[in-house]
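Asker: 3D, please:
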Amino acid sequence: MSWSRRSVLAALAGLPACGFAPVYGPGGAAEGLSGQIAVDAPVDEAGYAFVRHLETRLGRGQGGRYRLSPQISVREDDVGFTPRGVITLTQLVGRLTYSLTDTRTGTQLASGTLTSFTTYPDPVFDQNRTTIAGNAVTVRAAREDAIERLMVILGDQLVAELLATAEEWRR
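Answerer: All right, here's what the predicted structure looks like:
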(Lines give C-alpha, C1' and ligand atoms only; values in the text may rest on other atoms or scores of the structure.)
Protein backbone atom coordinates (compact mmCIF):
# COMPACT_ATOMS: atom_id res chain seq x y z
CA MET A 1 0.00 0.00 0.00
CA SER A 2 1.41 3.37 -0.98
CA TRP A 3 0.47 6.61 0.73
CA SER A 4 0.66 9.88 -1.13
CA ARG A 5 1.68 13.07 0.64
CA ARG A 6 -1.86 14.41 0.23
CA SER A 7 -3.49 11.37 1.88
CA VAL A 8 -1.06 11.50 4.81
CA LEU A 9 -1.77 15.20 5.37
CA ALA A 10 -5.51 14.58 5.15
CA ALA A 11 -5.23 11.80 7.74
CA LEU A 12 -3.19 14.04 10.07
CA ALA A 13 -5.67 16.88 9.65
CA GLY A 14 -8.44 14.59 10.87
CA LEU A 15 -6.66 13.58 14.08
CA PRO A 16 -7.78 16.57 16.19
CA ALA A 17 -11.38 15.75 15.34
CA CYS A 18 -11.00 12.33 16.97
CA GLY A 19 -9.61 13.83 20.18
CA PHE A 20 -5.92 13.34 19.42
CA ALA A 21 -3.65 16.03 20.84
CA PRO A 22 0.15 15.94 20.98
CA VAL A 23 1.15 15.28 24.58
CA TYR A 24 3.76 18.08 24.60
CA GLY A 25 1.77 20.41 22.34
CA PRO A 26 -0.34 23.39 23.37
CA GLY A 27 -3.02 22.12 25.71
CA GLY A 28 -1.39 18.67 25.82
CA ALA A 29 -1.24 16.72 29.09
CA ALA A 30 2.54 17.11 29.35
CA GLU A 31 2.83 20.71 28.19
CA GLY A 32 5.47 22.44 30.33
CA LEU A 33 6.46 19.20 32.08
CA SER A 34 10.09 19.30 30.94
CA GLY A 35 12.37 19.99 33.89
CA GLN A 36 9.54 19.68 36.43
CA ILE A 37 10.31 16.17 37.73
CA ALA A 38 13.22 15.89 40.17
CA VAL A 39 14.51 12.35 40.54
CA ASP A 40 15.97 11.04 43.80
CA ALA A 41 19.74 10.63 43.74
CA PRO A 42 20.92 7.21 42.52
CA VAL A 43 22.53 4.77 44.92
CA ASP A 44 24.23 2.39 42.50
CA GLU A 45 25.38 1.87 38.92
CA ALA A 46 21.92 0.92 37.64
CA GLY A 47 20.30 3.89 39.37
CA TYR A 48 22.87 6.26 37.90
CA ALA A 49 22.17 4.98 34.37
CA PHE A 50 18.42 5.23 35.01
CA VAL A 51 18.52 8.82 36.33
CA ARG A 52 20.84 9.93 33.53
CA HIS A 53 18.42 8.54 30.93
CA LEU A 54 15.36 10.08 32.62
CA GLU A 55 17.02 13.49 32.74
CA THR A 56 17.73 13.16 29.03
CA ARG A 57 14.07 12.43 28.35
CA LEU A 58 12.37 14.71 30.89
CA GLY A 59 14.98 17.38 31.61
CA ARG A 60 16.80 17.90 34.88
CA GLY A 61 14.18 18.71 37.48
CA GLN A 62 16.13 20.74 40.01
CA GLY A 63 13.57 22.33 42.28
CA GLY A 64 10.79 20.84 40.17
CA ARG A 65 7.17 20.62 41.15
CA TYR A 66 7.27 16.80 41.22
CA ARG A 67 9.60 14.31 42.89
CA LEU A 68 10.12 10.85 41.44
CA SER A 69 11.36 8.19 43.85
CA PRO A 70 12.54 5.12 41.95
CA GLN A 71 13.58 1.87 43.58
CA ILE A 72 15.48 -0.37 41.21
CA SER A 73 16.47 -3.97 41.64
CA VAL A 74 18.39 -6.07 39.14
CA ARG A 75 18.47 -9.85 39.32
CA GLU A 76 20.88 -12.01 37.35
CA ASP A 77 19.76 -15.38 35.99
CA ASP A 78 21.91 -17.83 34.07
CA VAL A 79 19.99 -18.73 30.92
CA GLY A 80 22.49 -20.06 28.37
CA PHE A 81 24.34 -23.30 28.86
CA THR A 82 26.67 -25.54 26.88
CA PRO A 83 25.86 -29.25 26.59
CA ARG A 84 28.17 -29.75 29.60
CA GLY A 85 26.11 -27.32 31.67
CA VAL A 86 28.56 -24.42 31.50
CA ILE A 87 26.96 -20.96 31.66
CA THR A 88 27.28 -18.89 28.47
CA LEU A 89 24.50 -16.29 28.76
CA THR A 90 23.24 -14.22 31.68
CA GLN A 91 19.87 -12.48 31.82
CA LEU A 92 19.38 -9.29 33.82
CA VAL A 93 15.83 -8.81 35.07
CA GLY A 94 15.09 -5.26 36.18
CA ARG A 95 12.26 -4.22 38.44
CA LEU A 96 11.40 -0.55 38.90
CA THR A 97 9.01 0.50 41.64
CA TYR A 98 8.30 4.21 41.63
CA SER A 99 6.21 6.91 43.23
CA LEU A 100 5.61 10.42 41.95
CA THR A 101 4.89 13.06 44.57
CA ASP A 102 3.75 16.67 44.38
CA THR A 103 6.50 18.59 46.19
CA ARG A 104 4.11 21.40 47.19
CA THR A 105 1.53 19.23 48.93
CA GLY A 106 3.39 15.97 49.60
CA THR A 107 0.58 14.09 47.87
CA GLN A 108 1.48 10.90 46.03
CA LEU A 109 0.20 11.38 42.48
CA ALA A 110 1.22 8.17 40.75
CA SER A 111 2.99 4.92 41.53
CA GLY A 112 3.64 1.60 39.92
CA THR A 113 5.98 -1.23 39.12
CA LEU A 114 7.63 -1.93 35.78
CA THR A 115 9.79 -4.87 34.76
CA SER A 116 11.93 -5.78 31.79
CA PHE A 117 15.01 -7.82 30.93
CA THR A 118 18.07 -7.99 28.75
CA THR A 119 20.96 -10.43 28.36
CA TYR A 120 24.70 -10.44 27.99
CA PRO A 121 27.18 -13.18 27.10
CA ASP A 122 29.18 -14.81 29.86
CA PRO A 123 32.59 -16.26 29.23
CA VAL A 124 32.75 -20.01 29.06
CA PHE A 125 34.15 -21.53 32.24
CA ASP A 126 35.57 -24.94 32.94
CA GLN A 127 34.63 -27.04 36.00
CA ASN A 128 36.92 -25.00 38.28
CA ARG A 129 35.41 -21.68 37.12
CA THR A 130 38.62 -20.86 35.27
CA THR A 131 37.93 -18.78 32.17
CA ILE A 132 38.37 -20.66 28.91
CA ALA A 133 37.10 -17.98 26.51
CA GLY A 134 36.62 -14.27 27.14
CA ASN A 135 38.20 -12.26 29.91
CA ALA A 136 37.16 -10.23 32.92
CA VAL A 137 37.33 -6.91 31.07
CA THR A 138 35.06 -7.99 28.21
CA VAL A 139 32.58 -9.61 30.60
CA ARG A 140 32.45 -6.49 32.78
CA ALA A 141 31.95 -4.29 29.71
CA ALA A 142 29.17 -6.58 28.46
CA ARG A 143 27.46 -6.49 31.86
CA GLU A 144 27.71 -2.69 32.12
CA ASP A 145 26.28 -2.34 28.62
CA ALA A 146 23.42 -4.68 29.53
CA ILE A 147 22.64 -2.61 32.63
CA GLU A 148 22.63 0.58 30.51
CA ARG A 149 20.23 -1.03 28.02
CA LEU A 150 17.97 -2.28 30.80
CA MET A 151 17.80 1.16 32.43
CA VAL A 152 16.96 2.78 29.08
CA ILE A 153 14.15 0.25 28.59
CA LEU A 154 12.75 0.83 32.10
CA GLY A 155 13.19 4.60 31.76
CA ASP A 156 11.34 4.67 28.45
CA GLN A 157 8.54 2.55 29.93
CA LEU A 158 8.24 4.95 32.85
CA VAL A 159 8.25 8.06 30.65
CA ALA A 160 5.55 6.52 28.43
CA GLU A 161 3.45 5.70 31.50
CA LEU A 162 3.89 9.16 33.02
CA LEU A 163 3.00 10.88 29.75
CA ALA A 164 0.00 8.64 29.15
CA THR A 165 -1.35 9.36 32.65
CA ALA A 166 -0.22 13.01 32.98
CA GLU A 167 -3.73 14.30 32.46
CA GLU A 168 -4.86 12.40 35.58
CA TRP A 169 -2.06 13.35 37.97
CA ARG A 170 -1.47 16.96 36.79
CA ARG A 171 -4.95 18.21 37.72
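
Asker: gap between the helix ranked longest in the chain and the chain center?
Answerer: Longest helix of the chain, by residue count under DSSP state H: helix 136-169. Centroid separation for helix 136-169 versus its chain: 3 Å, with CA atoms, centre = their mean, to the nearest Å.

Asker: and that helix, what does it pack against?
Answerer: helix 45-58, strand 66-81, strand 87-102, strand 108-121 (3 or more CB pairs under 8 Å, 6 or more residues apart in numbering; DSSP states H and E). (C-beta placed from N, C-alpha, C; glycine too.)

Asker: what sits up against the first one?
Answerer: Right, the one you point to is helix 45-58. Identification of contacts with helix 45-58 by CB atoms under 8 Å, 6 or more residues apart in numbering yields 33-37, 39, 41-42, 61, 68, 70, 72, 74, 94, 96, 144, 147-148, 150-152, 154-156, 158-159, 162.

Asker: lowest-pLDDT helix or strand in the protein?
Answerer: strand 131-133 (a mean of 54; mean pLDDT, DSSP states H and E).
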